[in-house]
Each structure stands twice: as C-alpha cells, then as structure tokens.
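Participant: Fold the following, please.
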Amino acid sequence: MKPTIVSLVLLSGLTMGVVCFAGKVNISGVDKAGLLRGLFYRAKPQGLGFLQVRYCESLLTDNPEPRDLLSDSDVEQILERGYVDYLKGRVMKIDISGDSVDTFLYNRDNGEDAAEEIIEGFRQ
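Facilitator: The predicted structure follows:
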C-alpha cells in the first residue's frame, strides 16, 4: 500500500508531515470465515493475551493434536458483528463485514502487509 503524506497543523502553527497508510483492500468473493481464521492465526498475542493462547492440548492431556482455537460458533458470531478488536488475546482491529477492509491497524500490530498476505492466500 502506498503511503499518503498528510499535513497536520499543530496549535503552535507549525506544520508536521505524517505518513498515513489510508486505503482499503477488496475482499469480495473471499471466504470470510476462512479469512477470519487466517487473520486470527497470523495475529500476535498482545500484552497478557499470551495467557489465553493455548497452542496444544498435549500440555494438559495425552492428545498431541493442536486444538482449534476458534470454534465454528465463534466464527459465526464474529462475522455477524463484523468488527473485531481483540480476539482470544490476539490483536485484530479489523472489520471484514463488507467487500473491502482497512488493513492499517491490523498491519500496525501484526507486521507490514500481514493482512494482505493472508487475503492474497485466499484469492489463489
């Protein structure tokens, strides 16, 4: 995404340039349930959110298989709401309810072009 330079006028009358990564990515035709899961698993736990992340049940049981952290009912409820701020300890800050998505906040917290990489994976 190309940065746009925005000028801000401060109270002192000085002008300061700020880089603003405004823009949306088209997600029409993308499986939103799959996209939500992809964004969730790519997202990083923030703060004490790591306490909510359980990668494998084998720590508590004899089952060595990884556990799916998002149930189908979780995904359904989230898709009805649209916007996700934090999800099970992971920072999301994204709204996938429409046909386009603003990826700035997701990428800010999860890495440059993180959301775009997930979206492109679902297009192929």
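
Participant: then the strand or helix carrying D85 to PDB, C-alphas only?
Facilitator: Here D85 sits within strand 83-87, counting by DSSP states H and E. Output in PDB follows, covering the C-alpha atoms of strand 83-87 (Å, rounded to 0.1, in the frame of the first residue of the first chain):
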ATOM      1  CA  TYR A  83     -15.500  -5.600  13.600                       C
ATOM      2  CA  VAL A  84     -13.000  -7.400  15.800                       C
ATOM      3  CA  ASP A  85     -10.800  -5.600  18.200                       C
ATOM      4  CA  TYR A  86      -9.100  -8.300  20.300                       C
ATOM      5  CA  LEU A  87      -9.900 -12.000  19.800                       C
END
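
Participant: what helices or strands is the helix or strand just after that strand leaning on?
Facilitator: Note on strand 83-87: by DSSP H and E, the next helix or strand toward the C-terminus is strand 90-95. Other helices and strands packing on strand 90-95, by 3 or more CB pairs under 8 Å, 6 or more residues apart in numbering; DSSP states H and E, are helix 32-42, strand 83-87, helix 104-110. Where C-beta positions appear, they are placed from N, C-alpha and C, glycine not excepted.

Participant: and the last one, what's its mean pLDDT?
Facilitator: Across helix 104-110, pLDDT averages out at 95.

Participant: What are the buried residues along that helix?
Facilitator: By neighbour count on 16 or more other CB atoms under 10 Å, the buried set for helix 104-110 is 104-107, 109-110.
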